[in-house]
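Engineer: Could you work out the structure for the sequence below:
(chains A, B, C and D)
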Number of protein chains: 4
Amino acid sequence: MKRDNRDFDFTIKTLGPRKILSPLKLSTKIGDSKANFVDDNERVLYQIDHKKGEKIYSEKNALEIAGPREKIYFDPTKVRAAIVTCGGLSPGLNNVIRSIVYTLWYLYGTRSIFGIKYGYHGFLPEEGHEPIVLTPEVVSDIHNLGGTILGTSRGGGDRTEDIVDTLERMNINMLFVIGGDGTQKGARDITNEIEKRGLKIAVVGIPKTIDNDLYFVDKTFGFDTAVEKAVEAIQSSHTEAKAAYNGVGLVKLMGRHSGFIAAHATLATNLVNFVLIPEIPFDLEGPNGFLTHLKNRLLHKHHAVIVVAEGAGQDLLIKDPKDIEYDESGNIKLKDIGVFLKNKIAEFLKREGIKHKIIYIDPSYMIRSIPANSSDARLCARLGQNAVHAAMSGKTGLLVSQVNNRMVHVPIEYVVEKRKQIDPDGDLWRDVIETTGQPLLMKNEQ
Amino acid sequence: MKRDNRDFDFTIKTLGPRKILSPLKLSTKIGDSKANFVDDNERVLYQIDHKKGEKIYSEKNALEIAGPREKIYFDPTKVRAAIVTCGGLSPGLNNVIRSIVYTLWYLYGTRSIFGIKYGYHGFLPEEGHEPIVLTPEVVSDIHNLGGTILGTSRGGGDRTEDIVDTLERMNINMLFVIGGDGTQKGARDITNEIEKRGLKIAVVGIPKTIDNDLYFVDKTFGFDTAVEKAVEAIQSSHTEAKAAYNGVGLVKLMGRHSGFIAAHATLATNLVNFVLIPEIPFDLEGPNGFLTHLKNRLLHKHHAVIVVAEGAGQDLLIKDPKDIEYDESGNIKLKDIGVFLKNKIAEFLKREGIKHKIIYIDPSYMIRSIPANSSDARLCARLGQNAVHAAMSGKTGLLVSQVNNRMVHVPIEYVVEKRKQIDPDGDLWRDVIETTGQPLLMKNEQ
Amino acid sequence: MKRDNRDFDFTIKTLGPRKILSPLKLSTKIGDSKANFVDDNERVLYQIDHKKGEKIYSEKNALEIAGPREKIYFDPTKVRAAIVTCGGLSPGLNNVIRSIVYTLWYLYGTRSIFGIKYGYHGFLPEEGHEPIVLTPEVVSDIHNLGGTILGTSRGGGDRTEDIVDTLERMNINMLFVIGGDGTQKGARDITNEIEKRGLKIAVVGIPKTIDNDLYFVDKTFGFDTAVEKAVEAIQSSHTEAKAAYNGVGLVKLMGRHSGFIAAHATLATNLVNFVLIPEIPFDLEGPNGFLTHLKNRLLHKHHAVIVVAEGAGQDLLIKDPKDIEYDESGNIKLKDIGVFLKNKIAEFLKREGIKHKIIYIDPSYMIRSIPANSSDARLCARLGQNAVHAAMSGKTGLLVSQVNNRMVHVPIEYVVEKRKQIDPDGDLWRDVIETTGQPLLMKNEQ
Amino acid sequence: MKRDNRDFDFTIKTLGPRKILSPLKLSTKIGDSKANFVDDNERVLYQIDHKKGEKIYSEKNALEIAGPREKIYFDPTKVRAAIVTCGGLSPGLNNVIRSIVYTLWYLYGTRSIFGIKYGYHGFLPEEGHEPIVLTPEVVSDIHNLGGTILGTSRGGGDRTEDIVDTLERMNINMLFVIGGDGTQKGARDITNEIEKRGLKIAVVGIPKTIDNDLYFVDKTFGFDTAVEKAVEAIQSSHTEAKAAYNGVGLVKLMGRHSGFIAAHATLATNLVNFVLIPEIPFDLEGPNGFLTHLKNRLLHKHHAVIVVAEGAGQDLLIKDPKDIEYDESGNIKLKDIGVFLKNKIAEFLKREGIKHKIIYIDPSYMIRSIPANSSDARLCARLGQNAVHAAMSGKTGLLVSQVNNRMVHVPIEYVVEKRKQIDPDGDLWRDVIETTGQPLLMKNEQ
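Structural biologist: Numbering: from 1, shown residues only, chains lettered A, B, ... in the order given. From the prediction side, this is the model:
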């Protein structure tokens, strides 16, 4: 992965000194076979790639380790916590909710936990969505269901003052915000507004994006499940393509800014001949264009499978920046590259006189809405647990995240600063195109 | 995780200077949107946990990055490669075989690939197992099947001279050894024997152990699949336990020296009340013994779920070291803690006058023998690819492994030096027992 | 299937004349594209196999069609219904409960529905299990879980008077009994006791046995799911057996009196070489004994897969009728044919000097406790709906069942009269052994 | 189901007298615990529904039982068999192919088996598709894959003379045709042409249509798998719909002429509020139109799930018969009711001022192309076996089918005569709309 050689300031904000003894009865001793509290000085290095001999360590390159602290900020029995889920569905939302509720209830003894309905809109009085009361009984089986029992929506995160008003009105002192880039920008603004008003409300973000494109996050929950389900779609398209003479399977997968799902699903199957992602530009026409390579594949093998991430090739669709539109979360409304490609391929092959059959699959809802698989379930459990520990310690304005396989605290502003993308010069992309056998770059000489 | 503060020597052995230009047409330029070769000087830090302010980096703490080199040692068209799978089944064996064959055949143009039958025994002439010829056609659909198309067995790895004789007789110059601790010790000895004889045969290991207990390996392939399937067994035991009055679900999972499967499956479900692993000792009887805690749980909730790793509590079963027995791989033959516990629980609850029903599940074969899930499939694909790249570069006596999320080369001797275990003082174990709610330690005061 | 040429009396008992107009607004007209009520005279033939030219129809060979009647017996708003689940788990129990509750609540407007805990024992005051109140909210997601939210147990069905006392005390007028042979004998006795006391309580049975061995029932719910899961176990055993030299996969499946699961799972995989079921006797030793045939298979193919139903070969285990024991449901306690065979095979192959590996899998709990697959889910939905329709019509002492693909009413006494078994002379068994290739009969000449 | 009171002539054509003794060593004795041959006089009744007292049996209402005959027509070692798969994919095609090959090879000893590529087009010399040779080795693992290893296509079945020319040229004397309505019409014409030419070629059809709409076929293979996968799509749409405020899930399922998949998937989930099928007309607008009922549902519950079969509401899309178009198989090209409804709902809800979100899922390829589940796998195994038995007996111009749970022979002309549909007056449709709670008929008074 590309190195980011800045001097980071990973210091986590806190609401104040920690004076309460945690109700968790953990050990502080090493070697007694008992699980331990985490010391506030525990760190893990962030940037660890380097050239032989190069020195890379500095104070500015280490993240705080997450976990329960011996001394905490809040009196857990007085805590009134709120949970909100925002943006599109991702497998595991209910697991995170369940983990937060279980940890608050059983480990800390907190009894006032509220679920905000339909994302940030649930904070806006004029929309009239009542929060629901969360208890272990309510959440005990919800991980078997996809979606979020709280409901979700896009947008509303810019209504910072109204949201903090509602937090004050509800007397909340701990807010868990489960969402992606746009949502966490909202959480950052809420944190700032809270600070401005001098309130003692901890805001802890839990990173959620099925695209896995959050900066400072190894892997978002739901991603593994999404890849697993995307594999099914690829297998279907391969089966259909092979059963027809000159069958062309075309699968559009999620990935607005990054091709992680497309790349990983391709690796998992080894059935894909072309994978198109936002990070790598490509031409359609011309001697080194995608369509020419597709034709050669068909003439040779009589079937082909293409995977395209939804954000790929947007330059082919939007020629004029004026045509860009935005959705309620402030995201660019992508043009449909799947249908565009399907039509271009059909036109081209007809023009070339190649009888064929195109099988186009867009499985997105069937991917987003399923329950988490066991790998994501574990991640969700730990994110929920550590988010509660962070909040109890009075830490705020942070995300709980997994970096270099450790659970850490990351200041929200770093996470929302930019998107994580596949590095074209890195190992993942190389391993992917080794399995597809596609050209290194499908661009014509200029 | 516990730090290991030694000065490591992670230098990888090579067969000689690399003079052949790789047939892979990768880029060596950054920023041209084309996938790149890997430079031999690329490194990733190994030990990255530390206390704030502590300096941890040193030359002796960095692993070589895996991947294709621009210059390679072997002429790929002259290569005669052999693949062997040893030890117990693990999901993904066929995926690794397929990935090696595909990479050799399609990327490097190698046409002579042999599969050794039934593990190291396939090298022994007196057993009469003929190797099979591997081509893309033979391996194209094998990843849909569990097991290994090569067959496997335990032991035979100590027949170093016979094995190298066979390699010479078959004119093999590249050997891929897929196996665990015992198997890789064999691979180390084979490498040494090859060196002694002055042969130019690359030996590359691919770590395989469903228990995930290999040192210098983040996660072995098959582990994720195993956890997923183990979760099913736990869910079954929970369903049965809850449907009965005082139902006790008891699930024995794999884990001879370490409780990774048990711990992760527990995290994934949040249905387990007690998890017993080899790393944490426990008493059965007494006020702080397991049985007392189980009884309290039953009186309170009328059902309980227990997960036990097969290597847990061996001290309760083997009181006298003289009673230890060994299998063909040289592993200690574990006593059956599952059946032992089942009987102890039955006796105890009968003694206590508690009517109950015990549901005992030992799902091991049903876990080991299934196809890899998509997460493991990806890992297998990359291990196979990078193993071939390593061998083509003339590197030998190494394992391809994932460490801190990067694909790296690790000298075999470091991998077989000791077992990876769950750190009782670390984050994983803490997160696990937070979900079970079990006592920190079930040992009576002495 | 073997014909049963008796003159049956399939008349269904009723509590009295039906005077209430059903709240369901169905049509009674054919051809108006609207769903219809069922007329009490609708019938389907039962025995339909015959020789060409043979006349088989008679009045005594037709079953009453299930479904909603235009006129019903009970005032639905006054109904107090109870549901009880008895015996071992079977996939779909929760689906049936959910379907009954939904049908009562949404279609008929009944608001008093009780779930009896832990089978018939829940009726016995001295055991102190309180019934639970069932509403659509309580049952809305339970079909995602295996097991039964009511709990279950064996036995207690002989406490007829106590059970009817409890029904009277609770003021129940509609009882749904979900269970197998033993349970339905209890339901029959309860019906008779109710009649004796002149009470107006409808008793409707829903057939449940994972073994699929109920007479007058095409297929019990859970059976399809069980076969699907059993297939996994067979695949595992096959994978393991093939990966070892002379690997022997041995899978014990459910089937106390009949080999339906074993036979169907064998058909579904075509991986089995020997299937042993209760209906077909076999010898172990001798020239035409099972062990000889197994040896020949191993010498020829070097792996073998055996499926044995738990009730098979009991004559080999219990030589003396005095050794027979009984469980709480009054069922014979079977001796463990799986472990017995495993030991016999090991002894025999050792004696014959054949190095081998036996893979023994007993997946029963992992089969019984999973959620219903979609095929069983549909069956459960319809059984629940039609059971409610039957009860509302004042019919009693019957089972709702599927016969020749139609939902029908069968008098309980016919169902409990004997067990359904595989006909050795029929098409199922022939199709099964055609796929195994096993000898027609493994018995030595006498 | 609606009765069809004709006098049927179910006599099966034969190629000539059966003089060869079957190589199968089955029994002809009842009661010897050995599987039996089938006598040519064995029958099962077809129409079995009736009113109490009504006599329904007649000679003209009984189908011939399928299975192996003691005397057969062909010398199995001389047989040259061909298999062809036509039309769209359906789960289980490979299972049927495998079963035919295994039965021919292992049971009868036939060694010449050919797979015709890409449907009927594979018979046309000008298309240049070479047949492939089928052996147990080739087909041994194909049931793990979806699709058909033979490839498939639409049309070509009207090229009767060319097809029979090819059969003659290839010296085929046994043809297995796996396909639906259009395909079997082709098989009927081929049979007639063969008879005209006085050839001795047996033509045996195996019914395949994922829609399950073949007459004289209880259930086609692939249907169960299709329903299972359709259930996933419905669950996704429900999850998405519930997570949004006024979420509307809309799932288009297969079913050109009949709503079986839609109906069964609805029954399996109990999550659907409206199911629209070809058999039941509906209005969009007006007080009793679908849109009004949808609006009421949304106002009441704030989410809704709609399932629509692809052939539903075609009268709303094609007002003028002149607009009807046909595909290569001669089927009417349906207009896309899914997209049409999606747009109509969006327009309508916008008009009504109801903020909403529509989740539209069209999962068809992901349903068609998956491997068969275990229920379909069993059916496929038996269809393949019994098709071979029929052909070996010299029977021709028939389909092997399951009717009233028995495997039977049906003359092709009866099967292609008309389509099976859901009876609006029957039990299935009633049970379905009981679970949706939708109005009996959504048509306005005229």
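Engineer: The residue of the stretch 301-446 of chain A found nearest chain C is in what secondary structure piece?
Structural biologist: Proximity of the stretch 301-446 of chain A to chain C (Cβ to the nearest Cβ) peaks at residue A:371, 8.9 Å away. Placement of C-beta: from N, CA and C, glycine included. For residue A:371, there is no host helix or strand (DSSP states H and E).
Engineer: Which strands or helices does the host helix or strand of residue A:415 pack on?
Structural biologist: Element membership of residue A:415, judged by DSSP H and E, is helix A:412-417. If you count contacts as 3 or more Cβ pairs under 8 Å, 6 or more residues apart in numbering or on different chains; DSSP states H and E, helix A:412-417 packs onto helix A:181-197, strand A:202-207, strand A:398-403.
Engineer: Out of the ones you listed, which is the most enclosed?
Structural biologist: The highest mean neighbour count among the helices and strands packed on helix A:412-417, using mean count of other Cβ atoms under 10 Å in any protein chain shown, belongs to strand A:202-207: a mean of 29.
Engineer: what residues does it touch?
Structural biologist: A:15, A:73-74, A:96, A:173-180, A:183-184, A:187, A:190-191, A:194, A:214, A:217, A:220, A:383-384, A:387, A:390-391, A:394-401, A:412, A:415 (Cβ atoms under 8 Å, 6 or more residues apart in numbering or on different chains).
Engineer: can you rerun that using 6 Å?
Structural biologist: Contact partners of strand A:202-207, identified using Cβ atoms under 6 Å, 6 or more residues apart in numbering or on different chains, comprise A:96, A:174-178, A:184, A:187, A:190-191, A:214, A:217, A:220, A:383, A:387, A:390-391, A:396, A:399-401, A:412.
Engineer: next one: stretch A:227-234
Structural biologist: Here stretch A:227-234 makes contact (Cβ under 6 Å, 6+ apart) with A:251, A:253, A:261, A:264-265, A:268-269, A:271, A:361, A:363, A:367, A:373, B:374.
Engineer: Tell me the buried residues in it?
Structural biologist: A:227-234 (16 or more other Cβ atoms under 10 Å in any protein chain shown).
Engineer: go on, stretch A:8-27?
Structural biologist: Buried, per 16+ other Cβ under 10 Å, within stretch A:8-27: A:8, A:10, A:12-15, A:18, A:20, A:22, A:24, A:26-27.
Engineer: Of those, which belong to strands?
Structural biologist: Counted as lying in strands by DSSP state E, out of the buried residues of stretch A:8-27, are A:13-14, A:20.
Engineer: Which parts of the stretch 301-446 of chain A are helices?
Structural biologist: Using DSSP state H, counting those that start in this stretch, the helices of the stretch 301-446 of chain A run over A:314-317, A:337-351, A:364-368, A:374-392, A:412-417, A:427-436.
Engineer: Output the ones you listed in a markdown table; the columns should cover mean neighbour count and mean pLDDT.
Structural biologist: Output for the helices of the stretch 301-446 of chain A, formatted as a markdown table (neighbours: other Cβ atoms under 10 Å in any protein chain shown; pLDDT from 0 to 100):
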| stretch | mean neighbour count | mean pLDDT |
| --- | --- | --- |
| helix A:314-317 | 15 | 92 |
| helix A:337-351 | 17 | 97 |
| helix A:364-368 | 24 | 96 |
| helix A:374-392 | 28 | 98 |
| helix A:412-417 | 20 | 94 |
| helix A:427-436 | 23 | 96 |
